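K.L.:
Got a predicted structure plus its sequence, pasted below:
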Amino acid sequence: MITIQVEPQATKDDAVTVMEIVRSFNQQFFAPTQWRSVTVLARDETGAIVGGALGDIGCGWLYLSVLGVREDWRRQGIGTALLQAVEQEAQTQGSIGVYLETIEFQAPEFYQRNGYSIYAVQENYPAGFKRYYLQKLFTPLSRTLHPIST
């Protein structure tokens, strides 16, 4: 008999087991991917971090999880420079594009000005706001995409 239960937190071994179930299924569609972290930092003359970009590359894409600039250093081109640097690193490592999420009070317009397009919107995340999912392709896809059948 199978039991289903909510647990307060997965152990490391439990998390690995669940991920292996998904990876095992996915292998019939594409080769396993080794994920690699990408870190780009902006530092002032004293070496203090004033901004940075963090992400992971896998499956041919960079997932940009964080890009931020300290408030007193904003509007000086640092965010754009960080974005360009992380994109360049992604291309160097063979990525075909970048995807990310941002909340409407953060920076959706910034990303759109830098060539990103919105592909989904989540309402009320957090309550009263929208979360945007954006992407930017570096190169055209070289294969035909197949529509998902329902």
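P.N.:
Looks like it arrived, so ask away.
K.L.:
tell me which residues of the helix or strand of the chain with the lowest mean pLDDT are tucked away?
P.N.:
Least confident helix or strand, the chain: helix 12-26 with a mean of 91, by mean pLDDT, DSSP states H and E. By neighbour count with 16 or more other CB atoms under 10 Å, helix 12-26 contains no buried residues. In short, each C-beta sits where N, CA and C put it, glycine included.
K.L.:
what's in contact with it?
P.N.:
Helix 12-26 is touched from outside by 7, 10, 32, with contacts defined as CB atoms under 8 Å, 6 or more residues apart in numbering.
K.L.:
List the contacts of the first one.
P.N.:
Shown in contact with residue 7 (CB under 8 Å, 6+ apart): residue 14.
K.L.:
can you tell me how far it sits from residue 15?
P.N.:
11 Å (CB to CB, to the nearest Å).
K.L.:
what's the answer for residue 50, then?
P.N.:
Residue 50 is 34 Å from residue 15, by CB to CB.
K.L.:
Now do the helices in the protein.
P.N.:
12-26, 78-92, 108-113 (DSSP state H).
K.L.:
all strands of this structure, in order?
P.N.:
Secondary structure of the chain, counting by DSSP state E: strands at 36-43, 49-58, 61-69, 97-103, 117-123, 130-137.
K.L.:
Switch those over to JSON lines; also include distance to residue 2.
P.N.:
Output for these, formatted as JSON lines (distance: least, CB to CB, whole Å):
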{"stretch": "strand 36-43", "distance to residue 2": "36"}
{"stretch": "strand 49-58", "distance to residue 2": "31"}
{"stretch": "strand 61-69", "distance to residue 2": "33"}
{"stretch": "strand 97-103", "distance to residue 2": "34"}
{"stretch": "strand 117-123", "distance to residue 2": "32"}
{"stretch": "strand 130-137", "distance to residue 2": "34"}
